[in-house]
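*Asks:* any chance you could fold what I've pasted below:
(chains A and B)
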Amino acid sequence: MTRFVFCTGQYDSGDWDSAPLVPANLIDSVAQYTSIAVAPSGVNVALASDAILDYPLVYITGHLPVRFSAAERRNIRKLTDRGGMIFVDDHNHDVDGVFHKTAMEEITIALSKPVDIPNDHELYHSFFKFSDGPPTTSQELNGWGDNLVHKNLQGVMRDGHIALLYSSKDYSSEWNYHPESKRFNAVDNTRFGVNIIVYALTR
Amino acid sequence: MTATQRVARVQSQLRVVAVISAFLWGAAILCAVLAVELVIGNWTPGRVSRGWDWNIALGIAVMAALIVLWRARFVLSARRVALWMEERAPSLQYALITASDRQVAVDKSLLEAQIERSNIDTFVRPAVLTPVIYSGVALSVMAGAFAAALTLASGRANTAAHDGGAHVGVNAPTANRLLDLSVRVTAPAYAGATVRKINDPSGVTALVGSSVTVRGTGMPDGIDAKLADRDIHVSGRENWQVSFNVPASPTTISLTDRSYDRVIAIIPIADQAPVVTMTQPSRDTVWRHVPTGAISFVAHATDDIGLTDGHLEYTVTTGSGEVFKSRTGTFGVSRLGGAKAGDLRGALALPQLGLAEGAILSVRAVVSDNNTLTGPGNATSDTRTFRVARADEYDSLAVDAAPPPPVERSLLTERMLIVSAESLLKKRASLDTRELVTSSGRIGLDQADLRKKVYNILYEQDEAGGDLGVEGDDEELDPQLVLNRDLKQAYDAMWDAERSLNVGEIDAALPFMTRALHALDRARLANRLYLRGRTPRIIVNVEKVRLTGKDKGADNVVAGQRARADTALVRLDRSLDAALGIATTDPNHFVDALVRLRAGAASLNSTFAAALGDAVDAFRAGKDMTPALVRARRALLGAPRAGNAAVPWSGSWSGKP
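*Replies:* Now for the predicted structure:
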C-alpha cells in the first residue's frame, strides 16, 4: 500500500521553509485521527523539479515575495492537471502583504484567479465537520497582519474540485509547533489540516 | 432603275440581313450555352447548380454575332456587292459590275438593257434571305433545346425538394452543397489582418478572434450552420456562406444541407504571452553591507506577434519574524512599438531605496504584447533577488547549520591541494626524486578523488558513487550531457593536474589546479542558493499515535475514489474507441465523431488532435487512415513496449505459438 507523504514545495524566490514544523504536526494528526497510511516525516521538494509530480498534495507557504520561475509555473500546472492539489498559505496573514500580492499574481498566471470557496464546501466536512467554514486562527483573532477574520478560503477549481487551495488565515503560524505539544491544546487546531489532506486524497 | 441603283438597293438589304442574322445567331448561341450550363449544373454527380453564368453565355453569343458580321463585311463595298450579285446571276456576264462602275467610260445603255433582260431579282432575293432563314432556324432549335433542359431541370428540382422536404425553387440544387468548401481566414487586426484561404478542410486552425468565412456552392436555402450549439446565419444569393470569429476554446462548426451534414473542427491558436529574460545581472547577490551606488538592469523580451511596452519592477521587503513591510515601484519604462523582440534597460540608485540590514530587493522585468482583442498578454522575467545580510545572522545559534554544498566542499579541497602542492614545491630542493614523486603522487591521488566527486556532482549522483553506476577513470564525459560548464572545466583541469602530479611535475600541475579552483568558484557563484539553515527533521512515531486522537471525524467520508491520474487522456482514449466502433457501420458519423474529438482534444493533447486531423483528411481523400490513427493512439498511450523477459520454455513443442 502506498503511503501518503507530506510534501512541502520549495520555490526559488522566498522563504518556503518558514513553517518547518507544520508537516510533522499534520502527519501526527493524520495518524491520530485516520487510518491513512502516512510516512513518518515529510519531504521538501523543489517546485521546479519533476519529482513534485509524485505527490498528491503540496504545501506552500512563506512571508517573502513569491516569483515563480517558468519551470515552477509549468509544474504547478502539470500537478493540478494530473489531479494533484496545492495548498498555499499566507504566513503573513496580510492581504496587503507582499506574499499575498505576489502569490495571487503568480497563481493567476500559472492557473487562474482564485475564487471564494463556499463555506458549505465538501472540504469542510471531508473528515471533521466545520459548519461555519474555515476555522479561525489565533493570528486573526489577535489582530495580527491585516487585522481581518477571513470569512472564506479561496481556490482555483478544476471540474468542480479544488485544484489549488489558498488561505489568508495563516495556518502556517497556527500549526507550526512540535506535535508533542498538541496534548496541551483543549481543542486540536490541526483538525482542519486533516480535512485538507483527506480531501486531497479522496476527492 | 439603273445598275448603280440596283446595287445600292441590294447593298442596303444585305446590310440589314447581316445585322439580323448576326443577332439571330447570337441569340441561338446564347440559348445553346445556357442549355449546356443547365445540363452540367444539374446532371453532373457531385456538382451543384450555380445558376446560369450570364457572363460566359453572353460573351460566347457576342463572339458568334461578331463572327457573322465579320463574314458579311463585304456589304460595305458596292463593288463587292455587285460581284456578289454577278455570282448569283451568271447570265449578267459582268454587265452589272461594268455598268455600276463610274470610272468606266462606255455607253451603258446596252449594259442596262442586258441587266434588265436578266431579271436578276429572281436570283438575288432568295440569296439575300438565306442567312436570315438559317439563323432563324438555328435560333428555333437552340431555344427548343434550352426550353427542354429548363423543363427537365425543373422536374428534378421539384423531385429533390419533395424528397428533402425543403422548400426550394426552380433553381434548387439537387446535389450535396457541403462539398468543395472554401474557407477564408482573416487574422485579427493586431496580428496584421493577413488573409489565408483553405480549400475543403476538415479543420481550421487560426488565431483566436480571427474572422472565418466558409463558402459553398449553391443557394443558402435549406442550409443550417451551428458553431458549437449556437445557430449561425447562412447568407449569400447564388453561393451560400457563413461567417464567425474563432472562439477561445476548440469547437466545431456543424453544417446541414437537407439529409447531408458536415463537421469542421475549429482549433484556436492562443496568442502566446511574451517571454522576457533578465540578462543583467545574471544572478542573485547577498550584500554583506548596506550597498551604495547604482545597479543597471537589462532584460530581453520576445513575442510571437509584437510587444507594446515593458518596464522593470522592484520590491523592497524589510522586516523579520512575523512582521514584514514591502514597497513596490517601477523604472526603466520602454515603448517597444510592436517589435517582436526588444530590450528593457534601467538603473536603480540603491541609496534611494532605503535598504537596511535584512532587506531584500527583488527586481523583475514586465512586458506586454499588442493583443488588443483579448487583452494584452503580460509576462514577467525571473526575479533577481539582492539581500542585505544582517550583521549577526551568522552568529545565531537558532540556525541548524546545513553542511556546505558539494561544490563549496570541492572548492575548499582544491584550495587545500594547491597549498599542499605549493609546500611540496618549496621543499623540492631538499627532496630526492623518489620522495618528490611519492609525495606528489599522494597529492595526485587526492586530486583524483576530488575529480570523481566533481564528476558525481556533474551527473547529480550521490556521494558514494551514485545510483547510476561508478564512473570509470578512462570514461570520457559527453559534453552534451554536461549541465554545468564551469564544473566541466574544473573536471578537465583536474585531469591534467592529476597526470602531472603523478609523475612529480608540480610546476606543470599548479596552473591546472589553479584553473580548476577558479572554475569551481564560478560554479559555486552560479548556483542560486538561499543562505539558510536546514529545516528540522522531525520523525513522527506514526504507529504510536495511530488513532489516539480524542476527536472523531466522519466514519466514512470518502465519496469516491480519487480520479485516476491523466483522466483526460483516458477519456480521450475511450472516445476514440467509441468513434472507431462505428467506423464500418456508419462512416459519415465516424468522420464527424473524429472531427469533434479533434476539437475536444486540441487543448489537451495537440499531437493526438493533429493525428486525428490527418486521419480525417486521409479518409476524405480515400487514402489509408491507419497510420494516422496509430499515431493518435500512441499520442494517448505511448508507444508499445516490449517485455523485458522471454517466454519461458514450456518443455513441449505442442504448445500454441
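*Asks:* closest residue of the stretch 201-350 of chain B to chain A?
*Replies:* Nearest to chain A, among the residues of the stretch 201-350 of chain B, is B:S326, at 3.7 Å (Cβ to the nearest Cβ). Quick note: C-beta positions are derived from backbone N, CA and C, even for glycine.
*Asks:* after the least confident helix or strand in chain A by mean pLDDT, next one along is what?
*Replies:* Every helix and strand in chain A was compared by mean pLDDT, DSSP states H and E; the lowest is helix A:138-141, with a mean of 83. Once the chain leaves helix A:138-141, the next helix or strand it forms, by DSSP states H and E, is strand A:154-158.
*Asks:* now do the buried residues in the least confident helix or strand of chain A.
*Replies:* Neighbour counts over helix A:138-141 (16 or more other Cβ atoms under 10 Å in any protein chain shown) mark A:Q139, A:E140 as buried.
*Asks:* return the distance of that helix from the chain's centre.
*Replies:* Relative to the centre of its chain, helix A:138-141 is centred 17 Å away, using Cα atoms, centre = their mean, to the nearest Å.
*Asks:* what's the most centrally placed residue in chain A in contact with, if anything?
*Replies:* Geometric centre of chain A, nearest residue: A:F87, 2.9 Å, by Cα atoms, centre = their mean. A:F87 is in contact with A:L57, A:V58, A:Y59, A:I60, A:L164, A:L165, A:S167, A:I196, A:A200, counting by Cβ atoms under 8 Å, 6 or more residues apart in numbering or on different chains.
*Asks:* the residue of the stretch 201-350 of chain B closest to chain A - how many residues pack around it?
*Replies:* Per other Cβ atoms under 10 Å in any protein chain shown, the neighbour tally for B:S326 reads 23.
*Asks:* give the burial count for the residue lying closest to it once chain neighbours are set aside, as a bare number.
*Replies:* Leaving aside its sequence neighbours, B:S326 sits nearest to A:V98 (Cβ to Cβ, 6 or more residues apart in numbering or on different chains; 3.7 Å). Around A:V98 there are 27 other residues, counting by other Cβ under 10 Å.
*Asks:* how far away is A:V98 from B:R288?
*Replies:* 24 Å (Cβ to Cβ, to the nearest Å).
*Asks:* and the residue most central in space within chain B, backbone torsions?
*Replies:* For chain B, B:T205 is the residue whose C-alpha lies nearest the centre (Cα atoms, centre = their mean; 6.4 Å). Backbone dihedrals for B:T205, given as degrees, to the nearest 10, come out at phi -110, psi 120.
*Asks:* packing partners of the longest helix seen in chain B?
*Replies:* Criterion DSSP state H: the longest helix present in chain B is helix B:121-164. Contact analysis of helix B:121-164 by 3 or more Cβ pairs under 8 Å, 6 or more residues apart in numbering or on different chains; DSSP states H and E lists helix B:3-43, helix B:78-88 as its packing neighbours.
*Asks:* distance from that helix to the middle of the chain?
*Replies:* How far helix B:121-164 lies from its chain's middle: 54 Å, per Cα atoms, centre = their mean.
*Asks:* quick check: closest non-adjacent residue to A:S35.
*Replies:* A:S35 sits nearest to B:L547 (Cβ to Cβ, 6+ apart), 6.9 Å away.
*Asks:* check for me that the one you found belongs to a strand.
*Replies:* No: remark: B:L547 does not belong to a strand; assigned using DSSP: H, G, I helix; E, B strand; the rest coil, it is coil.
*Asks:* mind listing what it touches?
*Replies:* Contacts of B:L547 (Cβ under 8 Å, 6+ apart): A:A31, A:Q32, A:Y33, A:T34, A:S35.
*Asks:* low-confidence ranges in chain A?
*Replies:* Where chain A drops to pLDDT under 70, the residues are A:1.
*Asks:* surely B:D257 touches B:R177?
*Replies:* Yes: contact criterion Cβ atoms under 8 Å: B:D257 and B:R177 qualify, at 4.7 Å.
*Asks:* residues contacting A:F192?
*Replies:* Listed by Cβ under 8 Å, 6+ apart, the contact partners of A:F192 are A:F128, A:F130, A:P134, A:P135, A:Y171.
*Asks:* top of those by neighbour count?
*Replies:* Ranked by neighbours (other Cβ under 10 Å), the contacts of A:F192 are led by A:Y171, which has 29 neighbours.
*Asks:* how near is that residue to A:T102?
*Replies:* 19 Å.
*Asks:* give me the number of residues near residue 59?
*Replies:* Unless you meant another one, I'm taking chain A. 27.
*Asks:* um, chain B though
*Replies:* 13.
*Asks:* any idea of the pLDDT on it?
*Replies:* Looking at B:G59, its pLDDT is 89.
*Asks:* and for the one 5 residues further on?
*Replies:* Reported pLDDT at B:A64 in the predicted model: 91.
*Asks:* residue contacts, it?
*Replies:* B:W25, B:G26, B:A28, B:I29.
*Asks:* ok, 6 Å please
*Replies:* B:W25, B:G26, B:I29 (Cβ atoms under 6 Å, 6 or more residues apart in numbering or on different chains).
*Asks:* the first one contacts B:S135, correct?
*Replies:* Yes: here B:W25 lies in contact with B:S135, judged by Cβ atoms under 6 Å, at a distance of 4.8 Å.
*Asks:* burial count for A:Y55?
*Replies:* Neighbour tally, A:Y55, other Cβ under 10 Å: 22.
*Asks:* in space, what's closest to it - neighbours in sequence excluded?
*Replies:* A:C7 (3.7 Å).
*Asks:* neighbours around that neighbour, how many?
*Replies:* For A:C7, the neighbour count with other Cβ under 10 Å is 23.
*Asks:* and the gap between it and chain B?
*Replies:* Going from A:C7 to chain B by Cβ to the nearest Cβ, to the nearest Å gives 13 Å.
*Asks:* can you give me the buried ones in the helix or strand in which B:K325 is found?
*Replies:* Per DSSP H and E, B:K325 falls inside strand B:323-335. The neighbour-count check on strand B:323-335 (16+ other Cβ under 10 Å) flags B:F324, B:S326, B:F331, B:G332, B:S334 as buried.
*Asks:* doesn't B:R524 lie inside a helix?
*Replies:* Yes: per three-state DSSP, B:R524 lies within a helix segment.
*Asks:* that one - how many residues pack around it?
*Replies:* Residues lying near B:R524 (other Cβ under 10 Å) number 19.
*Asks:* now swap in B:V234 and tell me
*Replies:* Based on other Cβ under 10 Å, the number of other residues close to B:V234 is 21.
*Asks:* now do the contacts for it.
*Replies:* B:V234 neighbours (Cβ under 6 Å, 6+ apart): B:P220, B:I223, B:A225, B:W240, B:V242.
*Asks:* and chain A, which residues reach chain B?
*Replies:* Residues of chain A found near chain B (Cβ under 6 Å from any Cβ of the partner chain) are A:13, A:17, A:20, A:24, A:27-28, A:31-33, A:38, A:40-41, A:63-65, A:67, A:69, A:82-83, A:98, A:126-128, A:202.
*Asks:* which segments of chain B make up each domain?
*Replies:* Domain segmentation of chain B under automatic domain parsing yields B:3-164, B:182-269, B:275-388, B:406-526, B:567-637.
*Asks:* so what pLDDT did B:L181 get?
*Replies:* Looking at B:L181, its pLDDT is 89.
*Asks:* actually, B:L468.
*Replies:* 34.
*Asks:* one more: B:Y394?
*Replies:* 64.
*Asks:* likewise for the one 4 residues further on?
*Replies:* Note for B:A398: predicted pLDDT of 54.
*Asks:* ok, then the element right after the host helix or strand of B:L445?
*Replies:* Remark: B:L445 resides in helix B:433-458, with elements defined by DSSP H and E. Sequence-wise, the next helix or strand downstream of helix B:433-458 (DSSP H and E) is helix B:485-502.
*Asks:* for that next one, packing partners?
*Replies:* Applying 3 or more Cβ pairs under 6 Å, 6 or more residues apart in numbering or on different chains; DSSP states H and E, we find helix B:485-502 packed against helix B:433-458, helix B:506-526.
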